[in-house]
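Student: dropping the sequence and predicted coords here.
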Amino acid sequence: MKNLFDAQKEESESKPARYVYDPTGKTDPFKPFISEQESTEEQKQKKPRTYLETLDLSQLELIAIIVGPKGNYAMVRDSKGVGHVIQKGTPIGTNDGTVYAVTEREVIVREEYKDFRGTVQYRDVAKRLPTAQ
């Protein structure tokens, strides 16, 4: 006559081994496909925005460019009619843009953005002087 312990031992030996999932080296199936938003801690660490950084580039109109030996300057007018002097390196626009170059006919603003994979890309936006007709 077998005791209860031996019967349980034989039963466990006849069952196949249990599968254990190992996630190392595999993608997380619950991670969103589109890049995640910045956490609130990262947003707090950013520096405060200037007035030009709160305006979209479409709200600004290029009205003058000054080319000189000390550097090139440009003047943009916002939707309120107020003029702002900018030069290379000035932060501008809502998409973390900076003035990349000021030439005789245009201002080039380089904006930084993340694509769907999360890699940092750059986009150049040119604001041209209105042509005289």
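Tutor: Yep, it's here. Numbering: from 1, shown residues only.

Student: now the helices: where do they sit in this protein?
Tutor: Assigned by DSSP state H, the chain shows helices spanning 4-14, 40-45.

Student: go through those and find the least confident stretch.
Tutor: Among the helices of the chain, helix 40-45 has the lowest mean pLDDT, at a mean of 57.

Student: what's across from the spatially most central residue of the chain in the sheet?
Tutor: With distances taken as C-alpha atoms, centre = their mean, Y113 lies nearest the centre of the chain, 3.6 Å away. Y113 has these beta-bridge partners by DSSP bridges: Q121.

Student: distance check, it against D96.
Tutor: 8 Å (C-beta to C-beta, to the nearest Å). C-beta coordinates here come from the backbone N, C-alpha and C atoms, glycine included.

Student: cool, H84 as well?
Tutor: In terms of C-beta to C-beta, H84 sits 18 Å off from D96.

Student: likewise V67?
Tutor: The value you get for V67 to D96, if C-beta to C-beta is used, is 27 Å.

Student: would you list every one of the strands in this protein?
Tutor: Taking DSSP state E, the strands of the chain run over residues 61-68, 71-77, 83-87, 91-92, 97-102, 106-114, 120-128.
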